[in-house]
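Trainee: A predicted structure for the sequence below; I have some questions about it.
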Amino acid sequence: MVRILTLLAACALAWAPAGGPAAAPAAAQPAPTGCAYELAAPRVVDVSGTDMVTATVTTRACDGAVTYQTVACLQEAGGPGAGKCATGNGILPAQVFTPYRPGAAYTATGRGCASKGNPPQKICTETGPLTATL
């Protein structure tokens, strides 16, 4: 919509009679903002009688964009390996689980990706890190 209005204004200036308003320099177009994503801090939950640590990434407001993927990751401080990640497709939240170890610190990170424009442009936004000792 903004691009259409900008184009109409440019056309009006181009067709203005001599002595009419002077053409203003074109303003830089802002980069697409995509969507906002919320990362929930690591917390302990019960999964079928077993304590697990979880974190989620949820899509919030979008600026004319469409979310196509969210990713949530958890890493135990000093734990083995690179941590665990889970993916949510479309607007579904991503939720990751990892075994709970009392007293351990867990760090959550996340990412959300959306597409916007014509042709569509990929816009990814990182969230976090959030750390909690549980």
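Mentor: Received, thanks.
Trainee: per-residue confidence for Gly34?
Mentor: With respect to pLDDT, Gly34 has a value of 88.
Trainee: cool, and Ala26?
Mentor: For Ala26, pLDDT reads 53.
Trainee: Kindly report the same for Ile4.
Mentor: For Ile4, the predicted pLDDT is 37.
Trainee: Repeat that for Gly83.
Mentor: Value listed for Gly83 in the pLDDT field: 90.
Trainee: Could you report the neighbour count for it?
Mentor: 16 (other CB atoms under 10 Å). All C-beta spots, glycine's among them, are computed from the backbone N, C-alpha and C.
Trainee: what bridges to the closest residue to Arg101 other than its chain neighbours?
Mentor: Take Arg101 and drop its neighbours on the chain: the residue closest to it by CB to CB, 6 or more residues apart in numbering is Glu76, 6.7 Å away. Counting by DSSP bridges, Glu76 is bridged to Tyr106.
Trainee: same question, Lys84
Mentor: Using DSSP bridges, the bridge partners assigned to Lys84 are Leu74.
Trainee: and it, how far is that from Ala108?
Mentor: Distance, Lys84 to Ala108, using CB to CB, to the nearest Å: 11 Å.
Trainee: so where's this structure shaky on pLDDT?
Mentor: Within the chain, the stretches with pLDDT under 70 are 1-32.
Trainee: wait, what's in contact with the residue nearest to Arg101?
Mentor: 53, 83, 98, 101, 104-106 (CB atoms under 8 Å, 6 or more residues apart in numbering).
Trainee: I'd like to know which of the residues you listed are buried.
Mentor: Neighbour counting with 16 or more other CB atoms under 10 Å marks 53, 83, 98, 104, 106 as buried within these.
Trainee: quick one: the third one is in a helix?
Mentor: In this case it means Thr98. No - Thr98: not assigned to a helix; according to DSSP: H, G, I helix; E, B strand; the rest coil it is strand.
Trainee: can you tell me which residues contact it?
Mentor: The neighbours of Thr98, taking CB under 8 Å, 6+ apart as the test, are 52-54, 74, 76, 83-84, 106.
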